[in-house]
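Peer 1: Need the 3D shape of this:
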Amino acid sequence: IPGVYQVLSGAVSISQIRNVDIEDLLGREPVKLDIDAISKYLMGKSILVTGAGGSIGSEIVRQVARFNPEKMILLGRGENSLFELELEIKTSFPGLKYELVIADVQNRQKLERVFKTFRPQVVFHAAAHKHVPMMEVNVDQAIMNNVGGTRNVAELALEWGVEHFVNI
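Peer 2: The predicted structure follows:
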């Protein structure tokens, strides 16, 4: 919408006001998703989501669940966040097969057991410290988690023949 001063000065009239479209806010053309291509690599697959209890990881779970995966492995450090996610899954996706795994991506031995047990075909790696100002003060933890944890997940994905690896 135009600014108040533009309306008051007569530069823009009220009749020129229109509903806001998402494109107005993006500043670019919206991305068109290829739903068929996405469906082909998710439907019927075993999918691991690291950081599943976080804001980004849980949204990935919600989005992926719509594509009827065979099973989802929801991995995270936080017991409470995974518990909350499980409550939502039971309501919103009652037919979804899933496993909750409390684990830290820095613990390679635990991750090896997860890959060996569940054999994920697709990995969405969302486990990371994402609050930059806080991590600038705790650089050692950011590096251990974001670099070391990502390395663990990526190397194991290669070792276990994961078909698709998406790093968030």
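
Peer 1: Counting neighbours, what do you get for Ser55?
Peer 2: Look at Ser55: counted by other CB atoms under 10 Å, it has 10 neighbours. Placement of C-beta: from N, CA and C, glycine included.

Peer 1: Could you do Val162 as well?
Peer 2: Residues near Val162, counting by other CB under 10 Å: 20.

Peer 1: Thr117 too?
Peer 2: 11.

Peer 1: Equivalent analysis for Phe165, please.
Peer 2: 15.

Peer 1: My read is that it contacts Ala154, right?
Peer 2: Yes. Using CB atoms under 8 Å, Phe165 makes contact with Ala154 at a distance of 6.5 Å.

Peer 1: hey, what's in contact with both of those two?
Peer 2: Among the neighbours of Phe165, those also in contact with Ala154 (CB atoms under 8 Å, 6 or more residues apart in numbering) are His125.

Peer 1: Just confirm His129 is within a strand.
Peer 2: No. His129: not assigned to a strand; according to DSSP: H, G, I helix; E, B strand; the rest coil it is coil.

Peer 1: any idea how far it is from Ser58?
Peer 2: 16 Å (CB to CB, to the nearest Å).

Peer 1: Which one's more surrounded, the two?
Peer 2: Neighbours were tallied for His129 and for Ser58 using other CB under 10 Å; the higher tally belongs to Ser58 (22 against 16).

Peer 1: Val64 versus that one, what's the distance?
Peer 2: Taking CB to CB as the measure, Ser58 falls 11 Å from Val64.

Peer 1: Which secondary structure state is assigned to the residue nearest to Ala128 when sequence neighbours are not counted?
Peer 2: The spatial neighbour of Ala128 that comes closest, neighbours along the chain excluded (CB to CB, 6 or more residues apart in numbering), is Asn146 at 4.8 Å. Using three-state DSSP, the structure places Asn146 in helix.

Peer 1: Can you give me every residue that contacts Asn146?
Peer 2: Remark: with contacts taken as CB under 8 Å, 6+ apart, Asn146 is in contact with 128-129, 135.

Peer 1: where in the protein is pLDDT low?
Peer 2: 1-7, 12-17, 22, 24, 26 (pLDDT under 70).

Peer 1: how about the strands in it?
Peer 2: In the chain, the strands defined using DSSP state E lie at 46-50, 71-76, 98-102, 122-125, 164-167.
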